[in-house]
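> build me a model:
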Amino acid sequence: MIHIPPSLHHRRFRLLWLGLLISIAGSQMQLWALFWHIRTITDQPIALGAVGLARILPVIVFSLVGGAVADVLNRRRILFLTQTAMALVSLTLGWLTLAGHIDLWHIYLLTALQAVAQSFDLPARQALVPNLVTTSDLPNAFSMTSIANQTGAIIGPALSGFIIAAGGLPYVYIIDAISFMAVILALVMMGPVEQQKISTTRNGVVSFTAIAEGVRFILKQPLIFSTMIVDFFATFFASANTLMPIIAVDVLHVGAVAYGWLSAAQAMGAIVAAVIISQMREIRRQGAVFLMAVVVFGLATIGFGASRSFFIAMLALIIIGAADTVSTIIRNTIRQLATPDYIRGRMTSVNQIFFQGGPQLGEVEAGLAAQLLGAPVAIMLGGVGCILAVIWIARRWPQIRKYNGDEAVVAGTPAAG
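Predicted structure coming up:
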């Protein structure tokens, strides 16, 4: 019997979750429309890969600062600013496209500006979640967050494909801008949120001392650090989302609507996995499950690169999404439970460099490899690299293999109502 997930009994988390459900759908519409837009301007794979570079450079520069800010300033207020900034970027994309004055450099610049806002948004948002639910409901909260992400990743690309096919590419960006209002409204309705903060008199808002403290914390936590390394290498080798327009048009020979469904396929598998996990009371042998999920992720990536059928490609992408969600839920739970509240923002900011750096740099690598070897070969080689990376990391950090999930958690997570 399906029951209401326990995390949704917490009003403030429920508001944030509903807001994210709408906003993420808009962001996913924008992301996949962006890839298609670039493909209409040029057929060079490296041009698509360059999007990854535009998205990761601001994260590398600003992420650690964003984490320190999230541990000192009010996380809810930070989200007001970042969500507004990202809405304005999407609105500018829509206006330039509608006016017919957009070039590649506009897309790269606006993508980079949005990434700056995301560098501050994600540490604040992830660190806010443990302030909204009780410790016992935290794994479920991350499972529900994954469901919101993946639901948006199904609805967004599918709608994007239909809108693009109807000649409405600029309106995808405008709809995305409007969707950010859902999170802003949720933040208004939830009211003030208590959080533990670092001492501003000792560290300052964005001091080197505060940032260095977060980095040292990660390096002294082999379980957290090893999950970040797995995340980075798996997504670096096996990420090739920006090549999707090339696969759709040049390999599978399908149009914009089918491209939208291909773009949504990973989320279809992800949401099934997230719903199943949300109904489970606990996951045993979490370390082994985490590593196995990443191996499946790599195998399915190889299958996707080898596919020449639309339906086989869809199936492979669905499996990729399911495996990725299992690993995401487990690694997010490990990190948040093993991190005190006062340093969660900085932990998340370091993690952001790994989990965004992997796929975004991977998109650059995939674009270069596709330029030289072709998109299918580049994707298959990425899947092989992912599996080899997991084998090496499992041997290098045995703590992750042995992690069960019932180990003692770090104190400092306040109860929430």
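> show me the contacts for Val61.
Ser119 (Cβ atoms under 8 Å, 6 or more residues apart in numbering). Placement of C-beta: from N, CA and C, glycine included.
> check the gap between it and Ile353 for me.
10 Å (Cβ to Cβ, to the nearest Å).
> what does Arg77 give?
With Cβ to Cβ as the criterion, Arg77 and Ile353 are 24 Å apart.
> before we move on, what about Gln150?
If you go by Cβ to Cβ, the gap between Gln150 and Ile353 works out to 23 Å.
> give me the more crowded residue out of these two.
Gln150 (28 against 18; other Cβ atoms under 10 Å).
> surely that one touches Ile271?
Yes: if you go by Cβ atoms under 8 Å, Gln150 and Ile271 touch, sitting 4.0 Å apart.
> what residues are shared contacts of the two?
Gly321, Thr325.
> which stretches of the stretch 51-200 of the chain form helices?
75-99, 104-128, 138-165, 169-190, 200-203 (DSSP state H, counting those that start in this stretch).
> just put those helices in a markdown table and tack on mean pLDDT and distance to Thr42.
Below are those laid out as a markdown table (pLDDT from 0 to 100; distance: least, Cβ to Cβ, whole Å):
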| stretch | mean pLDDT | distance to Thr42 |
| --- | --- | --- |
| helix 75-99 | 93 | 16 |
| helix 104-128 | 89 | 7 |
| helix 138-165 | 81 | 17 |
| helix 169-190 | 92 | 16 |
| helix 200-203 | 44 | 46 |
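> nearest to Ile277, of those?
helix 138-165 (4.9 Å; Cβ to Cβ).
> pLDDT below threshold where in the protein?
Along the chain, the model assigns pLDDT under 70 to residues 1-2, 195-207, 240, 278-283, 336, 355, 357, 405-417.
> how about a cut-off of 50?
The model of the chain has pLDDT under 50 over residues 199-205, 409-417.
> what helices or strands is the strand or helix carrying Leu388 leaning on?
Element membership of Leu388 [criterion: DSSP states H and E] is helix 375-396. Applying 3 or more Cβ pairs under 8 Å, 6 or more residues apart in numbering; DSSP states H and E, we find helix 375-396 packed against helix 222-238, helix 286-306, helix 344-373, helix 398-402.
> which of the residues in that helix are buried?
If you call a residue buried by 16 or more other Cβ atoms under 10 Å, then helix 375-396 has these buried ones: 375-376, 378-387, 389-390, 393-394.
> can you check stretch 104-112 too?
Ile107, Tyr108, Leu110, Thr111, Ala112.
> contacting residues for the second one?
Which is Tyr108. Ala50, Val51, Ala54.
> state the distance from the last one to Ser90.
This means Ala54. Counting by Cβ to Cβ, the gap from Ala54 to Ser90 is 15 Å.
> can you check Val69 too?
In terms of Cβ to Cβ, Val69 sits 23 Å off from Ser90.
> can you verify my assumption that Ile155 contacts Ser27?
No: look at Ile155 against Ser27 with Cβ under 8 Å: they stay out of range, at 11.1 Å.
> of those two, who's got more company?
Ser27 (22 against 19).
> dump the residue contacts of the closest residue to the more buried one other than its chain neighbours.
Nearest non-adjacent residue to Ser27, counting by Cβ to Cβ, 6 or more residues apart in numbering: Asp176, 6.1 Å away. Applying Cβ under 8 Å, 6+ apart, we find Asp176 in contact with Gly26, Ser27, Met29, Gln30, Ala87, Ser90, Gly94.
> swap in Leu113?
Applying Cβ under 8 Å, 6+ apart to Leu113 gives the contacts Pro58, Ala85, Val89.
> repeat the analysis, applying 7 Å as the threshold.
Val89 (Cβ atoms under 7 Å, 6 or more residues apart in numbering).
> same thing with Gly383?
Contacts of Gly383 (Cβ under 7 Å, 6+ apart): Ala238, Gly298, Leu299, Thr301, Ile302, Gly305.
> was I right about the second one contacting Ala238?
Same thing as Gly298. Yes: counting by Cβ atoms under 7 Å, Gly298 does reach Ala238; the two are 5.8 Å apart.
> of the two, who's got more company?
Neighbour count, other Cβ under 10 Å: between Gly298 and Ala238, Ala238 has more, with 32 against 23.
> what number of residues lie near Thr42?
Around Thr42 there are 11 residues (other Cβ under 10 Å).
> chain neighbours aside, what residue packs nearest to it?
Leu104 (7.2 Å).
> and if you look at Thr227?
Arg331 is the one closest to Thr227 (Cβ to Cβ, 6+ apart), at 4.2 Å.
> would you agree that neighbour is in contact with Val289?
No: at 10.8 Å, Arg331 does not count as touching Val289 under the criterion of Cβ under 7 Å.
> and the gap between Ala322 and Phe354?
Distance from Ala322 to Phe354, by Cβ to Cβ: 22 Å.
> neighbour-wise, which of these two wins?
Ala322 (23 against 20).
> OK, contacts around the more buried one?
Taking Cβ under 7 Å, 6+ apart, we find Ala322 in contact with Gly269, Ala270, Val272, Ala273.
> do Thr84 as well
Here Thr84 is in contact with Ile184 (Cβ under 7 Å, 6+ apart).
> over to Met244?
Phe35, Tyr259, Leu262, Ser263.
> could you rerun that using 6 Å?
Contact partners of Met244, counting by Cβ atoms under 6 Å, 6 or more residues apart in numbering, are Ser263.
> circling back to that earlier point, show me which of the buried residues of helix 375-396 is closest to Gly191.
Closest to Gly191, out of all of those and judged by Cβ to Cβ, is Ile393, at 42.2 Å.
> how close does the closest one sit to Ile387?
11 Å.
> cool, Ile334 as well?
21 Å.
> what is the burial count for the closest residue to Ser226 other than its chain neighbours?
Nearest residue to Ser226, sequence neighbours excluded (Cβ to Cβ, 6+ apart): Trp397, at 3.7 Å. Per other Cβ under 10 Å, the neighbour tally for Trp397 reads 18.
> ok, now Leu368?
Neighbour count for Leu368, taken as other Cβ under 10 Å: 14.
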